[in-house]
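# got a predicted structure plus its sequence, pasted below:
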Amino acid sequence: MTGPSALRALSLHVAVILALVALHYVLPDYHRGVLSRVLVLAVFAMGYNLLFGYCGLLSLGHAMFFAAGLYGAGLTVYHLDWNVPAAFAAGIGAGAVLALVIGLLALRTTGVAFMIVTLMFAQVFYLTTLYFTAWTRGEEGLVLSQQARQMPLGSGGLDVTDLSTRYFLALALFAFVLLATLFIARAPFGRVLVAIRENEERVRMLGYDVFANKLAAVVLSGTLCAAAGAAYALLFGYVGSSFAAIQYSILPLLWVLLGGAATTLGPLIGTLFMFYVIDISSGYTSAYMLFVGVALILLILFFPKGIVGTIRQRWLPWLP
Amino acid sequence: MAAVKPLLAVRGIHKSFGGLNAVDGVDFDLSRGEIRAIIGPNGAGKTTLVSLVCGREMPDSGQVIFEGQDITRLPAHERVRRGIAYTFQITSVFGNLSVFDNVALAVQRTLIDRADGIVKRHSAADLRGGVHDALDRVGMSDRLQTPAGDLAYGHQRLLELAMGLALKPRLLILDEPTQGLSDGEIESFLALVRDVAKEATVLLIEHNMPVVMELADRITVMDRGRVLAEGVPDEIRANVDVQHAYLGASVDV
Amino acid sequence: MDFGPYLLLATLEGLVTAAVLALTALGLSLVFGVMRIVNVAHGEFFMLGAVLAWFFSTLVTGHPAFGFLLALVLSPLLVGAVALVSERLVLRRLEYNPEATIVATIGLLYIIQQLALTFYGPEARPVAAPFDFRITLPWFGYSGYKLAVVAASAVLIAATWFLLTKTKIGLVMRATQHDRETAQNFGIPVDRVYAGVFALGAAMAAVAAVLVVPIQQAHYLMGLDPLLLSFIVVIIGGLGSLRGTVVAAVLIGLSDGIISVFFSPTLAKMIATLLVAMVLVFRPQGLFGTVERR
């Protein structure tokens, strides 16, 4: 990290986190709830951004990693009575293992084939959640009880269902992943990923094991997305097949494109913006996914760099 | 007199694509510290031979031995870490990244290897030092933040060279390095290579005969996948077979 | 019913599935073969064909055959037009970049699907078959229309084969597929070929949908399954290979039909999708395609 620009970047990110803390005290209940959700989904987007934005690998199957975390946490709570931290770890572990397996297989392909392969693996995962309805209750899903989602802490405890607790837990996860992404983007590993995106053969001839680096990116990305999924299950108490469906593979792509691929703050902006667009439009019509479609086309045609990406290009080149 | 072990030894190398024998049984020795040029008409197998050495291609049969170790089955990236660096025939820099970032990737590689692991991080100062060193040598210290794609062609070539040098290789392979360079740029290039040869062995593929005659200690001539002749420049210049290989006309020197 | 006749029934059902699937997948394969892009909205062109078929059938009273014939002619034309417009406005601007095209066609998917939801509604609506004719076999009666679908599909596939191999238009398409730059140098208007191929691919999906809509019903979400199945067929059969596509469609259609009758449809889909993913990973050229020379 070089001096002044690193400090500037770090200050900006800390400022964003502090602003989010402040918002908790300012916002009305409804928006606090929405923001909690957005923060968790932004973690999902940041995980996706790592693979898509930085490494240049467009996966169309990331719903499976989110769902792995979701089901990993949800099933252990529902069927095995695990406590919140253990379930969270289970969700992350499930995501990491899945990402390793998928990475070993899918990274044998590139480009369009990679997109289709990831799409298909995700579809198999989705169908699996539907097939084993005895355990997952398929589309209907599982509701995690309020008692199950208490987190004993010292003499007292954290009620995960409480609005404020939920907000700060989501924010804690978000802050951790945001700073981690900032760190990775500026570390040697981050440089290598970007270089792989730009010119893979050249990276190989500079002495880097390209496959190993890509695999690491897939596993890291999958694990972060699973963390988001596990948090989502534990904070909001619902686990269902719809989170493993294709829609949840398309949404992170949209959020990252909109916010700005290969930027640290882009995923948050994209998720926030799109969440509110869908939230508002679903009040008027059931065809709100229309806006997703239009947004995707407009973005890819006219603003491939997204909001933060364009800001970085035009005005603030030091933005990570 | 004890025989000095060659830096690079290639034995009985064969490589064919489809039905075409690109490299058809080549034996090849490279001594430490020499500047060797590989020349030959188009399709002679020069780039394929060099790809087999740096690991971009795997041979159908034969051996590649570097510094006494058999590296025949070693993947390309491992060979780079053992000390073989390759610059591409068609300039292959990271167009969207700055000149600094381009070289930094190469420098980073050596620093990671020295630091013995991915967790122990090298300092930013080390990185900057390494980048400046490499760029100073090729004379490009003034353009650190320029996107590599914005550079003139000749400068992109120099950048490639800087990246190769930053790897601190023991064998530097240059694939048609002077192609597209102006006369002045070629002059600087010659001086640079002679400087590099003090610490690394240089293997270059070239079509530019004056450059080859000026620079090379020894020349290997290839034709149709085989070594046609090998020797010092004067020997090659006088060699009738070599003259015939270049379309029957005498080699233009 | 005994096992034998049950199997025969499953086979016949599988044949119908295969017939429709072959036609749909052929459209997708054509687009990929010539333009080298993947059209994720292909299933929505299929759905649009079915929805328009319902619309045209409601316009005409009297014998259902009239409405059906109207749909058979107009639906593919309209869908082809929609495809053409998308190609001109969006795909061409993206210069057919593979990754950007996928993102754009995903957008197109949602637009078409949600517009269908808005104007057609969330219900599934039936369309009457043009004729009501049952073939009586010793063990069960079978719909004559379904058999007609198989026949119609075979005819259309043969016509496509004829178009591709024996006509000038087909030659132009194959030349563009083989080497775009050389084709351009020979004066072939590659842009227009692309537009035409994209429209043709969409129209083929629409025809398949019109044929199948009297058997299934028209529903705004019906595009997803044909999309995934077409992907599977095209990948297994080898991208750009007509023969491979047809063989794979028959294989997949039959096995999907038979497995679905005897086991769970979900399981059938799971196995098919997983198999195809593995094929892509380990044998990317499919069963009939050749390894690409670029």
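Sure, I can see it. Remember, it's a predicted structure, so these values are computed and weren't measured experimentally.
# going forward, measure contacts and count neighbours with C-alpha atoms only.
Will do.
# pLDDT wise, what is the closest residue to B:Q108 other than its chain neighbours at?
Spatial nearest neighbour of B:Q108, excluding adjacent residues (Cα to Cα, 6 or more residues apart in numbering or on different chains): B:L127 at 6.5 Å. On pLDDT, B:L127 comes in at 88.
# show me which residues of the strand or helix carrying B:L127 are buried.
Here B:L127, judged by DSSP states H and E, is contained in helix B:124-138. For helix B:124-138, the neighbour count (16 or more other Cα atoms under 10 Å in any protein chain shown) marks B:127-128, B:130-135, B:137-138 as buried.
# where along the stretch 101-250 of chain A do the helices fall?
With helices called from DSSP state H, counting those that start in this stretch, the stretch 101-250 of chain A shows them at A:111-131, A:133-136, A:163-186, A:188-198, A:200-204, A:210-236, A:247-259.
# repeat for the stretch 51-200 of chain B
Counting by DSSP H, counting those that start in this stretch, one finds helices in the stretch 51-200 of chain B at the ranges B:76-82, B:99-115, B:124-138, B:153-166, B:183-196.
# if we can go back for a sec, and of the buried residues of helix B:124-138, the nearest to B:Y86?
Ranked by distance to B:Y86 (Cα to Cα), the buried residues of helix B:124-138 are led by B:A134 at 15.5 Å.
# state the pLDDT value of that closest one.
With respect to pLDDT, B:A134 scores 91.
# measure it to B:V107 for me?
To B:V107, B:A134 is 9 Å away according to Cα to Cα, to the nearest Å.
# over to C:G187?
49 Å.
# B:V202 now?
Noted for B:V202: a distance of 20 Å to B:V107, by Cα to Cα.
# whichever residue of chain A sits closest to chain C in helix, strand or coil?
Taking Cα to the nearest Cα as the measure, chain A has A:G293 as its residue closest to chain C, at 3.7 Å. Put simply, A:G293 is helix when judged by DSSP: H, G, I helix; E, B strand; the rest coil.
# per-residue pLDDT, residue 28?
Using chain A here. For A:P28, the model assigns a pLDDT of 90.
# meant chain C, my bad for not saying
As predicted, C:L28 sits at a pLDDT of 92.
# I'd like to know which elements the helix or strand hosting it is packed against.
For C:L28, the enclosing helix or strand under DSSP H and E is helix C:3-35. With contacts defined as 3 or more Cα pairs under 8 Å, 6 or more residues apart in numbering or on different chains; DSSP states H and E, helix C:3-35 has these neighbours: helix C:144-166, helix C:168-178, helix C:190-212, helix C:224-237, helix C:242-262.
# got those as CSV, with mean neighbour count, mean pLDDT and distance to B:V93 columns?
CSV is the format used below for these (neighbours: other Cα atoms under 10 Å in any protein chain shown; pLDDT from 0 to 100; distance: least, Cα to Cα, whole Å):
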stretch, mean neighbour count, mean pLDDT, distance to B:V93
helix C:144-166, 16, 90, 42
helix C:168-178, 18, 81, 30
helix C:190-212, 25, 93, 32
helix C:224-237, 25, 86, 34
helix C:242-262, 22, 82, 40
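# now distance to A:L319 too, for these, in JSON lines please.
Listed next are the helices and strands packed on helix C:3-35 as JSON lines, based on distance: least, Cα to Cα, whole Å:
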{"stretch": "helix C:144-166", "distance to A:L319": "53"}
{"stretch": "helix C:168-178", "distance to A:L319": "43"}
{"stretch": "helix C:190-212", "distance to A:L319": "40"}
{"stretch": "helix C:224-237", "distance to A:L319": "40"}
{"stretch": "helix C:242-262", "distance to A:L319": "48"}
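# so which of those helices comes closest to A:D29?
Once the helices and strands packed on helix C:3-35 are compared by Cα to Cα, helix C:224-237 is nearest, at 37.9 Å.
# just to revisit the earlier point, give me the element the residue lying closest to the residue of chain A closest to chain C once chain neighbours are set aside is part of.
Nearest residue to A:G293, sequence neighbours excluded (Cα to Cα, 6+ apart): C:G107, at 3.7 Å. Using DSSP H and E, C:G107 maps to helix C:98-120.
# which residues touch that helix?
Helix C:98-120 has contacts (Cα atoms under 8 Å, 6 or more residues apart in numbering or on different chains) with A:58, A:111-112, A:286-297, A:300, C:36-44, C:48, C:51, C:90-91, C:94, C:220-221.
# of the residues you listed, buried ones?
By neighbour count, with 16+ other Cα under 10 Å, these hold A:58, A:112, A:287-297, A:300, C:36-44, C:48, C:51, C:90-91, C:94, C:220-221 as buried.
# follow-up on the earlier one: of the helices of the stretch 51-200 of chain B, flag the one that's most buried.
With neighbours taken as mean count of other Cα atoms under 10 Å in any protein chain shown, the helices of the stretch 51-200 of chain B reach their highest mean count in helix B:153-166, at a mean of 23.
# residues of the stretch 101-250 of chain A that sit close to chain B?
Neighbours of chain B within the stretch 101-250 of chain A, by Cα under 8 Å from any Cα of the partner chain: A:188, A:191-192, A:195, A:198-199, A:202, A:204-209.
# and of the helices and strands packed on helix C:3-35, who's closest to chain A?
It is, among the helices and strands packed on helix C:3-35 and with distance given as Cα to the nearest Cα, helix C:224-237, at 8.4 Å.
# the closest one packs against which elements?
Counting by 3+ Cα pairs under 8 Å, 6+ apart, helix C:224-237 packs on helix C:3-35, helix C:42-59, helix C:242-262, helix C:265-282.
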